[in-house]
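>>> coordinates only, sequence not included:
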């Protein structure tokens, strides 16, 4: 091997063996146990045939119930998906344009807009939730899917903005001048040069938004209306009437789903990163 | 070998490209209170390799950007072959630019980077392929054609940028410090390639640099700039041997420069032999010039370090007009092909820079070391009077 990667000939980072029974190893084991043991328990009990915390025998009864006998859960899941996709797409478009505008154009109030656009990221979610609620009731907008969509777009925007801005910081402005110099008009420069170059930032912003939107509880709680509950809200309402093992089953399905999505996107993003 | 490659590639192109004459007239450009260009006028001939040389912030890049169309002047004109180009955006001018930072498109391969201008013009696919391969071959990147820019070295990136700028067959190639990010050795090689490329394509090259040796070695003519003004336009020889101002004398190469006053002036053959009083040197010295100077005029006297002879023995005083001083070597700096000596003169204490070229062992003379007592001498013909004293 000679310390080099046979594929690209680059020097590989060499890791030291670290097998001793050391403090850092103990901490590592404790952290792993602390973080993953609860998940493991949840997964284990989703295969339990009885309802209580005592182990009876393995069964798929809760999965059956989850798939065939939980119409309101699937309704909530559908709501979650619709809101995640629409709000992320909107936030990605707005956030990308905002990052480009703030990076390359001069206009009054630019620094204020930059600061304000980070606010939803740093403010406690409760405050955003309450202020949104007050706002919607003040302008008399009926709470429902639309208000959740607006709220999610709002808190997703700074993440897209941040990720695209970071990408733009690496972007050499003379590339744009070069494109113009070589005969591209403004639209061609945007479509053929700027957008493809910042695509990794835009995509990671979009994926981040989807994750944030799918898992959000607090803000959604304030701005949702009847019939518009998302999955986190539904799970919460289920728990209020006692923990149903259906939730355990749902958790495992979601863990698997998330892992699958993460794995696919990781490969996907790596390919993009390697190509840019 | 390179010559052949260029000949092949250009032969395939069937013709030498056509250069234009570029004229900038009374161009002024300010950024707030800062005057980047102050009434600058230059006329660059058809097919010339013209350099804009000066320290950073002197306005050279601003002038280039105005010619390219990325910036517009507050007042003044820019003409290509007598036609006003100021109303046109960069893509409508017959110029293309090679940027200091390469400005390659990071998401496209070498091939697609170079094909970019042709794709915009919707050129036929086969024609694109033929031309791109021709230009890739021209800049010797055949084996890297499918790589992304981040896989290339600095020199290779700059070649891609050059090929991409040339494929549109411009009449002017504008180069904005294209080699400044490369190491010295590579810079020399690319500079020679650039020069050969210029000879072959025959278009006008405008080359911006802060590196005087780059400018001297490839340019047909150079404009030396400082503080938004053009101080001197001339061939490399004129700029080096006859600097118009104190700044030019100091900026181009190394020199010894002292204020002086003319004390006498006589005709001597077809020149004028003058004695000038140089307070820094402690006495009057001889210098010749093509024009007579009035007695009492304050000027700057300059003599290049490589024109001064350094000896341990006193030089023979047979020839007229040899200026000789005695001093002590304060700092010898050996740099292979030459040695630099900083000689402190007796009495006045002024330090004179002397460069001694090393030749073969027999002719090189005895080695001169630190604290040696030496004679430094130069002929009146090798001194030069700089007429403009900077404020």
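All right, it came through fine. If you're wondering where the values come from, they're calculated on a predicted model, not measured in any experiment. Numbers count the residues shown, from 1 in each chain, chains lettered A, B, ... in the order given.
>>> chain B contacts on the stretch 51-200 of chain A?
Residues of the stretch 51-200 of chain A lying near chain B by Cβ under 8 Å from any Cβ of the partner chain: A:172, A:174-175, A:177-185, A:188, A:192-193, A:196-197, A:199. C-betas here are computed from N, CA, C, even on glycine.
>>> try it again with 10 Å
Contact residues, the stretch 51-200 of chain A versus chain B (Cβ under 10 Å from any Cβ of the partner chain): A:170-186, A:188-189, A:192-200.
>>> could you turn the buried ones of those into a PyMOL selection?
Applying 16 or more other Cβ atoms under 10 Å in any protein chain shown to those leaves a buried subset, and the PyMOL line that selects it is:
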select buried, chain A and resi 171+172+174+175+176+177+178+179+180+181+182+183+184+188+189+192+193+194+196+197+198+199+200
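>>> which ones among the residues of the stretch 51-200 of chain A next to chain B map onto strands?
Counting by DSSP state E, none of the members of these fall within strands.
>>> measure residue A:179 to residue A:210 for me?
Using Cβ to Cβ, to the nearest Å, residue A:179 is found at 31 Å from residue A:210.
>>> show me where the chain has its helices.
Just going to use chain A. In chain A, the helices defined using DSSP state H lie at A:23-45, A:61-68, A:71-104, A:110-122, A:125-138, A:145-170, A:174-181, A:186-189, A:195-215, A:218-223, A:231-240, A:245-274.
>>> meant chain B, my bad for not saying
Using DSSP H, helices in chain B cover B:2-13, B:60-68, B:110-120, B:125-138, B:154-166, B:184-201, B:212-218, B:236-241, B:246-251.
>>> list the buried residues for the longest one?
The one in question is helix B:184-201. Quick answer for helix B:184-201 (16+ other Cβ under 10 Å): B:187, B:190-191, B:193-194, B:196-198, B:200-201.
>>> near chain A, which of those residues show up?
Okay, of the buried residues of helix B:184-201, nothing touches chain A (Cβ under 10 Å from any Cβ).
>>> for the residues you listed, which one is nearest chain A?
Taking Cβ to the nearest Cβ as the measure, residue B:201 is the one of those closest to chain A, at 17.0 Å.
>>> surely that closest one meets residue B:167?
No - the criterion here is Cβ atoms under 10 Å, and residue B:201 misses it with residue B:167 at 11.4 Å.
>>> so what's residue B:164 up against?
Residue B:164 sits next to A:178, A:181-182, B:96, B:98, B:102-105, B:108, B:110, B:113-117, B:132, B:135, B:139 when contact means Cβ atoms under 10 Å, 6 or more residues apart in numbering or on different chains.
>>> let's go with 6 Å and repeat that
B:113-114 (Cβ atoms under 6 Å, 6 or more residues apart in numbering or on different chains).
>>> any low-confidence regions in chain A?
Chain A contains residues with pLDDT under 70 at A:1-20, A:272-276.
>>> to clarify, my last question referred to chain B.
For chain B (pLDDT under 70), the answer is B:1-16, B:317-318, B:391.
>>> how is it divided into domains?
B:2-94+B:170-249, B:254-386 (automatic domain parsing).
>>> and these, which is most packed in?
Highest mean neighbour count of the domains of chain B: domain B:2-94+B:170-249, a mean of 19 (counted as mean count of other Cβ atoms under 10 Å in any protein chain shown).
>>> what's the offset of that one from the middle of its chain?
How far domain B:2-94+B:170-249 lies from its chain's middle: 10 Å, per Cα atoms, centre = their mean, to the nearest Å.
>>> swap in stretch B:297-314?
Remark: stretch B:297-314 is offset 24 Å from the chain centroid, using Cα atoms, centre = their mean.
>>> in contact with the residue nearest to residue B:52 when sequence neighbours are not counted, which residues?
In space, not counting the residues next to it along the chain, residue B:52 is nearest to residue B:60; the distance is 4.0 Å by Cβ to Cβ, 6 or more residues apart in numbering or on different chains. Residues counted as contacts of residue B:60 (Cβ under 6 Å, 6+ apart) are B:52, B:54, B:208, B:225.
>>> and which of the residues you listed is nearest to chain A?
If you rank the contacts of residue B:60 by distance to chain A using Cβ to the nearest Cβ, residue B:208 comes first, at 13.4 Å.
>>> so what's the closest one up against?
Residues near residue B:208 by Cβ under 6 Å, 6+ apart: B:52, B:60-61, B:64, B:176-177.
>>> change it to 7 Å
By Cβ atoms under 7 Å, 6 or more residues apart in numbering or on different chains, the contact list for residue B:208 reads B:52, B:60-61, B:64, B:175-177.
>>> of these, which is the nearest to chain A?
residue B:176 (8.5 Å).
>>> what residues does the stretch 101-250 of chain B put near chain A?
Residues of the stretch 101-250 of chain B lying close to chain A by Cβ under 7 Å from any Cβ of the partner chain are B:101, B:103, B:105-107, B:116-117, B:120-121, B:148, B:164, B:168.
>>> in PyMOL, how would I select just the buried ones from those?
Per 16+ other Cβ under 10 Å, the buried members of those correspond to this PyMOL selection:
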select buried, chain B and resi 101+103+105+106+107+116+117+120+148+164+168
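>>> thinking again about what came up before, now the contacts of residue B:60 in JSON lines, with distance to residue A:135?
Formatted as JSON lines, those follow (distance: Cβ to Cβ, whole Å):
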{"residue": "B:52", "distance to residue A:135": "58"}
{"residue": "B:54", "distance to residue A:135": "58"}
{"residue": "B:208", "distance to residue A:135": "55"}
{"residue": "B:225", "distance to residue A:135": "58"}
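>>> correct me, but residue B:135 touches residue B:168?
No - at 10.4 Å, residue B:135 does not count as touching residue B:168 under the criterion of Cβ atoms under 7 Å.
>>> now do the shared contacts for these two.
Counting by Cβ under 7 Å, 6+ apart, residue B:135 and residue B:168 have no common neighbour.
>>> closest to the centroid, which residue in the chain?
You didn't say which chain, so I picked chain A. Centrality entry for chain A: nearest residue to the mean C-alpha point is residue A:211, 2.1 Å, by Cα atoms, centre = their mean.
>>> mind checking how far the closest residue to residue A:182 other than its chain neighbours is from residue B:372?
In space, and not counting its chain neighbours, residue A:182 is closest to residue B:117: 4.2 Å by Cβ to Cβ, 6+ apart. Separation of residue B:117 from residue B:372 (Cβ to Cβ): 62 Å.
>>> I'd assumed residue A:248 was in contact with residue A:66.
No - the pair residue A:66 / residue A:248 is not scored as a contact, 9.4 Å apart, by Cβ under 7 Å.
>>> quick revisit: quick one: contacts for the residue nearest to residue A:182?
Applying Cβ under 7 Å, 6+ apart, the residues near residue B:117 are A:182-183, B:167-168.
>>> repeat the analysis, applying 8 Å as the threshold.
Shown in contact with residue B:117 (Cβ atoms under 8 Å, 6 or more residues apart in numbering or on different chains): A:182-183, B:164, B:167-168.
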